[in-house]
Each structure stands twice: as C-alpha cells, then as structure tokens.
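okay, sequence plus prediction incoming.
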Amino acid sequence: MDRSALASRFGGDVFEDRDTLTVVVYDCITNTFNYPGATLARCSHIAEDIAFSNGPFGPEFTGARVVSGLNYAWGLQGSTAKWDVRFSFYRPVDFNFAGFAAPGGSMLNAGAAPLYTLTITGFDTNIFPGFVTRSGYFSLPTSFTLPFGDNGVIVDAAFVEPGTPGTAPLTSSNLLQANKTDTRVVWFFGTNTGLQLGALTTPQTFEQLAPIGNAATPGTTHPQYARDVDFSGTFGGQSLVYPINSPQERRYQNSTPLTLGFALGLLGETNAPAIIPAVDLDGQNGFLADSITQVNNSLTPLQPFRVYKFVTRFPADYANVTYLDIDTENSAQPITFALYKPNSSVYQVAESRGSGPDTPPSTGNLNAFQMSFGVGRRIGPGNAAQYAGQEGDLPPGEYYLVVAPAGTTFGDAWTFGTPPVSGSIPFSLNIVSNTQKTAAAPPAAPPYLEPGADLGVLNGAAAASPVFTVPQHTVGWVRFTLANAIPTLNQINQKTGAVMPPVNYLDITQPGSSLMGEWNFALYNSAGFLANASSTSLAGAGYNGNNGCGDGPCGPQTTFAQLSFGSAASRGTPTPDAGLVAGKPLSNQNGAALASDQYYLAVSLGQASFAPTRWGARSNRQSILGAKITVASNSRGAAANCPADFNGDGGVEDIDFSLFARFYNNLLDIGGDFNEDTLTDDSDFLVFAAAYDALICP
C-alpha cells in the first residue's frame, strides 16, 4: 500500500458523525526527536509491548477499543536498499518476553493470528542513507477492534523484502536481506517524560524494570523490547533483560537522560463529548456571511477562552475561487485561536504570523495570529504575512472557533490549556470569507519579497540572491525579469542594424542553500499563473515525485531543486556544495520556450502544493531553512548609456515600455530603478520617458 493513499486524520466530510471522536490513545512520538534516539544495528525486526494506561483507552474505558490510526519513525544508514515495512498487531495474551510456551521459546504464540496487518511501501521506504522519515498521524485503511477487556496491544514491526505478502510468515529469507551485511535500518526510540533507567550495567528481571517503565503520554510501555537479532523471524525468549551493548536478543537502553520505547503513536475512536456552548456567527440564511465578520470581546480570569460557531456553505479552495481568512489583528496582546469540528476534534491551530515585532511567522507568540484557507493571495495588514491559503482547503460544514491567550494548548474533546489571565484582555476576532460565493475573491496580490530577493532585469550574467529564510509552512519568493523571450533569434540592433546573438537559455539553481532540506521550485508569471509544471532536483524531474523519491531526501545530504529552459546546448551541472553530488545537467528539461515577462519563483520545502493561478504556492514543511537562488541566462541587458533599453537591442521601444510600466506599478521594484533608491517611482519615470521619446539609444 502506498502511503499517498492513506487519508489524513483530518480529512473527510466535516458533516460527519458528531458522536465519534478520533483521539490519541498511545503517544511515544510527540517529542521523540528532542533528544538523541537509539538505534538497533543490523536488526530488521522488533516487537514492543504497549498499554493504553493513562490515556482514553485506559482500564477505566468500558467501550469497544477501536484502533484507527498510526504514527511512526524510522531511518536508513549504509547502502541504498529497497524494502517494505510490515506492522502486525497481536493480543498481549499471545506474547511473553520469557517465551510463550516455555522459557527460552518464542516470545510470540506460534498459533496466534494478528489482529491487523499493515504493509507500507514506496515513499517512506525509499530514502537516502543518513535520512530519517516520520509519518505524522494518518488513518489506517480500515480500523480494527481489540477483543473486549484488552487494555493493550503488541506491535510487531519488520523491514521485509519488497513484495512480501502481508500474510506470509516472517522468515530468514524475507526479512530485509541487505541489512545483514551492509545496510542499517534504524528504529527510532524516544519518549516524552518519565523515570530514567540510570546506569544499569547488568541484566535485569522484568520485575526490576517494570516500575521504571516509560511514561509516554498517553499510554505506557516497558523499557524492554524484543529484537530478532539473528534474522530468523522469531523472537527468542529469555528470563532476563539485557542492556543495550549486550549481544542477547532482548535489550534496553540505559543511558541518561533518555527513557525509551518504540517511537510510535496510535489513534482510536471514542464517543465525542457534547458540543460546547458557542456564540453563533452565521448570517440570516444560516451560513457565514460573504463579508467581514468581526467580534470584539474580552478574556477574563473567569472566562479565559471564548467559543464561536459558524457554517460554511461551499468549500474554500481553488476550484471554487473561495477563501476564508481569520486573524486577531488589533487585539490588546497576542491572542490565539483554534478551529474545531463538531465532534470536538481539533481541525487547525492558528499560527503567530500576523502583525507584531517579529518577522512572521513568529517563533515566540509575539505577533497576532492567523489562519488562511483556500485561494491566495491577499495582503496582510502591517507586517503580517500574506493570506495565502497556508492551511490548505477547507471543506464545507460546521466549525467551532475557540479564542484564547497566546500560549494556550488546544486538545481534542474541548480541552484547552490556557495560561493565567489577569484582568480583562480585549481582543478582536476578524473573519473574511466568500464561501457562499455571492462575492468574488479580490484580485491576487503579488507575493512579498525578502530583502535582496528582487534580482531586477537579467543582463547576461548570473544573478544571485542573498540567503533568505524560508519559515515553516511558508513559501519564499524570488523575482526577476526576462526582457528577452526564450528563444529570441535574429534580433536586429536598432542602433547598428546588425543581427544580434541569440538569447536561448535560462537556468535557476540554488547552491548555498541550507543542507538537509527537501527543496521544490515553481515558476509563476507576472499575472500569477504557473509558468512551468516541473523542476529538476538531484533525484530527477518533478517537484512532486522525483523519480520514485517523492518529496523525500534523495541526495547524500539534501535535495536541491533546479529549473532549466531554452534551446541552447547543455550548460553542464550546477556546482555542488561541499559534500553534495552535482545536480542534473542544465539541458532545458523544463521547456524550450519562455515568454518575456516578470517572473516570481516559489521556493518551498517538503510536500509543496503549486496551484496553477494566483501565485498559489504553499508548503506543509515545518523546517525553517535558508535559501540562496541563482538565475543565469544569456539574456541581454541595458548598456550603461541607455538604462531604459531593458532588452539590450539598442532602442527604447514598446517592449521596454511594457516592462517599465510593470516596474512602475509595483513601485517596490528595482527593475526600473535608475537612481538606485530601490524604488521605481516618478523620478525614474522621467528618465524612461525621455529615453522612450528618443527611441534610439545614444
């Protein structure tokens, strides 16, 4: 099963069964990578005991325990290898660390059938050595129910040879073979909080280790885990638990400050609590109005949060050209909010990327908070980020909006962890939408540019941006102007009458960008339309689907992206950064033709989404990394004595006028900035008008 086929935890119709709530029933992954992880050298097969204590499926739960979702982490070291991963779930009564039938025998009951088996292939099992993948929570293809009374489950996880049937018994021949000799697949271990094992150097009994445990929240697991060290497909039982450096099959990690367990999370289904009382924001026809809905209220010690409800009639998405933006601009202090489904599950939490002292998005909750769905791209107030549909599409339906002080944590089942509130805190809640489709979306605003990311007009030499930050859930942008179409052939010099050399290539690369990134490009024209549909990275072609590598890391340390247009002979490969292999040859993979225009390059991380209109680029990546973009072409530029001749043909004519008009309308544009004040303004207009009247360059 391909991971791309797995539904998101938050997918589906919002008009769903209000009585059912998806909750985290076991969590040993939330803070997994805050500390170093432990790995298992040359081991493809482990088992972990999981109890649902301390969580919603704990011993006090009386209903049917339905498991519906999963979260995992793993990595790869050594040589490249192909594999699948099989998760099998067994009843606790079918497992015994000392040996199920007798001491020293198999830990797992040989006659037991798994409650559920999931095999994962593709994206997450095709990663470059040295990289780690983590899935996030996703829905299982089908849920499964534990037998009545079971307050836990055994997870048997194995890296297997590709194509191994999910029903095939695990053996020494279908466990990952490369791992035995030259590849190290990595099971990541981690925990949230809890007691530590300390410096244990001798084998321990189960009774000695049980009180230490691993306080994952919710759910628990013991420090010991089963390890199939001899690739036999069987866990050999033992009476004692041996420390990590022991050659014995079952181990535990004894270093501080870690307490460990398999980095895994499970989702379950339970009854949803009653809907929380809320103020209705819908208009007279029962839907959120196609206008500005504004709420002015206060938070107090007795009411540290406020709840509002609205219903959207149509989706907020590109297909309908609809949007919904929410913010807390003009509040007395940073105020956050979250969107909930009627069944009390969290749908989306706002980000601190509104107006404030920090460059958005804020890393310290110092700015106003924002949420944006559907089509981009609208100007944000003050120094706020643009409303660009960063949160993706919003299905139609009923939503509950919880407003609270910055620093509040939002959990399922209407649980809010609000910091103390002293006095009265006035806030403004602003909602702008056209999800009834009675009003058109406003014209799309061009993307914001980071300082130095406006490269002006190309003049035959490579132009490079400084390193600029691409924050989490954000797309960075670089602007440049192609004054000559590609290709421009047999062009006549207006001044001399001579035929000019051809303009026949444009390449975009990113040497100097942060390593460990999974970079993607898309090129938009001046009207906001996607000007290309693919990029070229270290792995191959395609900003989504790099030769079987998806958006995962495909190079030794990173995945850079590149674009290449034209009809000229190959320009060779980009100069690699230290430790990287070169990219693909710059040989016009993205097309032979590109119009003369002003272009915006979307620079993103992770699984990018490039909508075809309105500069509709967005990313779900949470990393904050630096990008440096180089644009190279043999496009001609203006001579020193004729700066208004943007296409370098010896005259100032209509094509130059059309380009200057765009620069002048943008204002914050260095394309027509003749006096070098970073603006194309009235003083530049006077220079251009005189040159346009003269027509031929001096």
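Okay, I see it.

longest single strand anywhere in the chain?
Ranked by residue count and defined by DSSP state E, the top strand of the chain is strand 66-78.

which stretches of the stretch 151-300 of the chain form strands?
Applying DSSP state E, counting those that start in this stretch to the stretch 151-300 of the chain gives strands spanning 152-160, 183-187, 226-227, 242-243, 251-252, 264-271, 279-280, 292-299.

paired strands for the second one, with orientation please.
Strand 183-187 pairs in its sheet with strand 66-78 (antiparallel), by DSSP bridges.

okay, the angle between the strand it pairs with and strand 152-160?
Counting by axes from the mean of the first three to the mean of the last three C-alpha atoms, to 10 degrees, strand 66-78 lies at 40 degrees to strand 152-160.

from memory residue 71 sits against residue 28, does it?
No: in this structure residue 71 lies outside contact range of residue 28 using C-beta atoms under 8 Å: 9.3 Å. The way it works is simple: take the backbone N, C-alpha and C, and place the C-beta from them, glycine included.

ok, the two, which is more surrounded?
More crowded of residue 71 and residue 28, by other C-beta atoms under 10 Å: residue 28, with 30 against 22.

quickly note the distance from that one to residue 290.
Counting by C-beta to C-beta, to the nearest Å, the gap from residue 28 to residue 290 is 45 Å.

sorry, back to before: in the longest strand of the chain, what counts as buried?
For strand 66-78, the neighbour count (16 or more other C-beta atoms under 10 Å) marks 66, 67, 68, 69, 70, 71, 72, 73, 74, 75, 76, 78 as buried.

OK, contacts around the fifth one?
Pointing back at residue 70 there. Each residue near residue 70 by C-beta atoms under 8 Å, 6 or more residues apart in numbering is listed here: 87, 118, 135, 137, 138, 140, 264, 265, 266, 267.

let's see the pLDDT reported for it.
With respect to pLDDT, residue 70 scores 94.

identify the bridge partners of it.
Bridge pairing for residue 70 - DSSP bridges - gives residue 138, residue 266.

next: the first one.
Note on residue 66: beta-bridge partners residue 145, residue 269, judged by DSSP bridges.

ditto for the last one
Beta-bridge pairing for residue 78 (DSSP bridges): residue 183.

please begin residue numbering at 590 from this point
All set: I'll call the first residue 590, so the last point we hit is now residue 667.

that one touches residue 770, doesn't it?
No: Residue 667 is beyond contact range of residue 770, at 9.1 Å (criterion: C-beta under 8 Å).

just to revisit the earlier point, which neighbours do residue 660 and residue 617 have in common?
Counting by C-beta under 8 Å, 6+ apart, the residues touching both residue 660 and residue 617 are 853, 854.

returning to what we had before: turn the buried residues of strand 655-667 into TSV, columns for distance to residue 898.
Formatted as TSV, the buried residues of strand 655-667 follow (distance: C-beta to C-beta, whole Å):
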residue	distance to residue 898
655	28
656	31
657	26
658	26
659	32
660	30
661	35
662	37
663	41
664	43
665	47
667	54
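
tell me the one of those residues nearest residue 735?
Nearest to residue 735, judged by C-beta to C-beta, of those is residue 656 at 6.9 Å.

what residues are up against the closest one?
Contact analysis of residue 656 by C-beta under 8 Å, 6+ apart lists 614, 678, 705, 729, 732, 733, 734, 735, 742, 855, 856, 857.

identify the residues contacting the strand or helix carrying the second one?
Counting by DSSP states H and E, the element that carries residue 678 is strand 673-679. In this structure, residues lying in contact with strand 673-679 by C-beta under 8 Å, 6+ apart are 656, 659, 661, 663, 697-698, 701, 703-710, 713-714, 733, 742-753, 755, 759.

drop anything exposed from these.
Looking at the contacts of strand 673-679 with 16+ other C-beta under 10 Å, the buried ones turn out to be 656, 659, 661, 663, 697-698, 703-705, 707-710, 713-714, 733, 742-750, 753, 759.

list the buried residues for the helix or strand where residue 729 lies?
Using DSSP H and E, residue 729 sits in strand 727-734. Of all the residues in strand 727-734, those buried under the rule 16+ other C-beta under 10 Å are 727, 728, 729, 733.

and the pLDDT at the residue nearest to residue 923 when sequence neighbours are not counted?
Leaving aside its sequence neighbours, residue 923 sits nearest to residue 995 (C-beta to C-beta, 6 or more residues apart in numbering; 3.8 Å). On pLDDT, residue 995 comes in at 94.

and residue 1243, by the same measure?
In this model, residue 1243 is scored at 94, pLDDT.

let's verify residue 1070: helix, strand, or coil?
With DSSP: H, G, I helix; E, B strand; the rest coil as the basis, residue 1070 sits in strand.

ok, it - contacts?
Contacts of residue 1070 were listed using C-beta under 8 Å, 6+ apart, and they are 1045, 1046, 1047, 1186, 1187, 1188, 1235, 1248, 1252, 1260.
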